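Visitor: Got a sequence here, can you build the structure:
(chains A, B, C and D)
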Number of protein chains: 2
Amino acid sequence: MSMGNNYELYKVFYWAAKTGSLSQAAKALYLTQPSVSHAIKQLEESFGVTLFYRNAKGVELTQEGAVLYSYIEQSQILIARAEEKMAALKNLESGELRIGGSDSLFKHYVLPYLEQFHEQHPGVKLHLNHGTTPEIISFLKEGRIDLGVVRMPIVDPQLQVTESFQLQDCFVAGARYAHLKDAVLPLDKLLQYPIILFSRNSRARMTITELFQSYGYSIKPEIEVGSVDLLIEFAKRGLGISYVTREFVSKELEEGSLFEVRIDVPLPPSHVGILTMSNMPLSSAASGFIELIR
Amino acid sequence: MSMGNNYELYKVFYWAAKTGSLSQAAKALYLTQPSVSHAIKQLEESFGVTLFYRNAKGVELTQEGAVLYSYIEQSQILIARAEEKMAALKNLESGELRIGGSDSLFKHYVLPYLEQFHEQHPGVKLHLNHGTTPEIISFLKEGRIDLGVVRMPIVDPQLQVTESFQLQDCFVAGARYAHLKDAVLPLDKLLQYPIILFSRNSRARMTITELFQSYGYSIKPEIEVGSVDLLIEFAKRGLGISYVTREFVSKELEEGSLFEVRIDVPLPPSHVGILTMSNMPLSSAASGFIELIR
DNA sequence: TGTTACCCATAGACATGGTCTATAGCTCCT
DNA sequence: AGGAGCTATAGACCATGTCTATGGGTAACA
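Guide: I've put the predicted structure just below:
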């Protein structure tokens, strides 16, 4: 018989050596004693060496057997650890979840889910990567994140999109423009006021620009800011009318520091989608999180 | 599917991960690609986790797969080492050989074989334990030595005896008794000279005492010494006639510093035997050595 | 000195499951 | 568009790992 064993035999050998008894090993492995006996014999024949002394009380390692055991023991322990670890990964007791998205989506939309997820699965490490939608898509394709949270629509055959939530953008203003509180403004009226928009090429910015163009107007911001927080802050201080996602200013709307400025055309809702790579399996953590979010 | 895998699957997983290709793994393991594909799928199902991303170029570990690999790689390396080591043990490139025997037998009989064995198998460590025959037998039964080299006869059902060599005891004297060189002495004549015997309860001492008794004489040594070397030395210096093993004084007999004192009754030859435990398998080193010695 | 009770070894029957061939689908490259 | 990689799937087959039944041996104990 040649080298290149059935590794299964090592498991049997390990238990036989560990328990000092073929019968005990058989019990531990849910086998019968003859099976174990046969397995050990196979190993011995494959090595051309006797591994155990057999006596009336059980078995005992020979010199050669002891040498083999010193290696196999470590090997088996590693495998046992591996199996534990895999179970932990599957049960979300360990592992990591890497999410990409914009800061504002994280803060106002993803955060509560992340908190809940982290509470349920404290063993899973969280990695957040923020960036614009195109950046997030790159991250995904490079395998740097497991899933991305971005605004719809996204069309990319490589990406799997799960729509998960609807957001409504709107115009808001602070106390200085209190007289607009109950008005419904036509677009041209609105444009007479200073407008504050997000400066970067965000989905929302593109949407509102296109909307005004479709009605024959061109919306040009008085102020451009780089973060949603500033958008809100500037509106509060009366520097103009901000175009923001309503869900992100719900607190301000409630407490009255901001109010919505209605206009006479419908603003299309925007959808938030969860992006994953199509044809690429999800990690347990990622699929667990997506399940939670829906 | 539950935990407690066929460890054979890990071997397949290892090669798939290592080569980054199920087809390559199949080649390495002398399997077909579908077998490997099936094996990986089994592992994945057993863990409830995807281990590889499949793409047109081959496969790539997922997060979970990478975790598994970090454990399995070590485990497989250990097994590979174990298999190498076992082959080395079998081929006597490593291991150890523990022999018990009396100093004189080592020096005059075992040593040449040991030298030859060591030359052929320099990787095998040698351990020599000297002691009397009963001590050697104890060592054997305690498992402290692999084989013992002692004088026959030995009767012990637990021991396996291989007779290997015949020795002839005889009386020798030095220059001072040169006049006895060509004589053949009757026993009573011999007893008029001072006799030097080994002091301990050796097989040789018992044999000669019994021999004289069977002829109605009692042999009482003038001098008792504790080693064969002293037995030889005292005879050389003319302190008396020593009873020694002829083969141990072959050098002295040749160079003429000692000569044999013949007597008129035949001295029975004694046999050297190799003792091993019966019903206990021999180590490769031990059986290799026994094979050499015969 | 039987008797019991535990070991391990062996033989032979059986069925599981690992391996194969054949085939299809996919992606990348020319 | 065609070819050459890759992996997945389906289904057949038989090797081999597992079982039951049995035997022999040793240790403990009455």
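Visitor: Which strand or helix spans the one residue in chain A that gets nearest to DNA strand C?
Guide: Going by Cβ to the nearest atom of the strand, DNA strand C is nearest to residue A:34 of chain A, at 3.0 Å. The C-beta positions use only the backbone N, C-alpha and C, and glycine is treated the same way. Here residue A:34, judged by DSSP states H and E, is contained in helix A:33-47.
Visitor: in that helix, what counts as buried?
Guide: By neighbour count on 16 or more other Cβ atoms under 10 Å in any protein chain shown, the buried set for helix A:33-47 is A:36-37, A:39-40, A:42-44, A:46-47.
Visitor: Is it positioned near chain B?
Guide: Yes: using Cβ under 8 Å from any Cβ of the partner chain, helix A:33-47 comes into contact with chain B via residue A:47.
Visitor: who in the stretch 1-150 of chain A is up against DNA strand D?
Guide: With Cβ under 7 Å from any atom of the strand as the criterion, the stretch 1-150 of chain A meets DNA strand D at residues A:6, A:8, A:26, A:30-32, A:34-35, A:38-39, A:42, A:55-57.
Visitor: how does it look with 6 Å?
Guide: Where the stretch 1-150 of chain A comes near DNA strand D, counting by Cβ under 6 Å from any atom of the strand, the residues are A:6, A:31-32, A:34-35, A:38-39, A:56.
Visitor: Tell me how far the closest residue to residue A:205 other than its chain neighbours lies from DNA strand D.
Guide: With Cβ to Cβ, 6 or more residues apart in numbering or on different chains as the criterion, residue A:205 has its nearest non-adjacent residue at 5.2 Å, and that residue is residue A:198. The gap separating residue A:198 from DNA strand D is 43 Å, by Cβ to the nearest atom of the strand, to the nearest Å.
Visitor: same thing with residue A:192?
Guide: 57 Å.
Visitor: cool, residue A:118 as well?
Guide: Residue A:118 sits 32 Å away from DNA strand D, going by Cβ to the nearest atom of the strand.
Visitor: Same check on residue A:126?
Guide: Using Cβ to the nearest atom of the strand, residue A:126 is found at 29 Å from DNA strand D.
Visitor: so which strand or helix has the spatially closest residue to that residue that is not a sequence neighbour?
Guide: Using Cβ to Cβ, 6+ apart and skipping residues adjacent in sequence, the residue nearest residue A:126 is residue A:97, 5.5 Å away. Element membership for residue A:97, per DSSP H and E: strand A:96-101.
Visitor: Show residues contacting that strand.
Guide: Defining contact as Cβ atoms under 8 Å, 6 or more residues apart in numbering or on different chains, one finds that strand A:96-101 is touched by A:110, A:114, A:117, A:124-131, A:135-136, A:139-140, A:144-150, A:283, A:285-286, A:289, B:63.
Visitor: ok so, going back, after the helix holding residue A:34, which helix or strand is next? Please name it.
Guide: strand A:52-55.
Visitor: Which elements pack onto that next one?
Guide: Contact here means 3 or more Cβ pairs under 8 Å, 6 or more residues apart in numbering or on different chains; DSSP states H and E; on that basis strand A:52-55 packs against strand A:58-61.
Visitor: dump the residue contacts of whatever residue of the stretch 101-250 of chain A ends up closest to chain B.
Guide: Residue of the stretch 101-250 of chain A nearest chain B, by Cβ to the nearest Cβ: residue A:146 (8.0 Å). The neighbourhood of residue A:146, defined by Cβ under 8 Å, 6+ apart, consists of A:97-99, A:276, A:282-283, A:285-286, B:63.
Visitor: Excluding chain neighbours, give the residue nearest to it in space.
Guide: Leaving aside its chain neighbours, residue A:146 sits nearest to residue A:286 (4.0 Å; criterion: Cβ to Cβ, 6+ apart).
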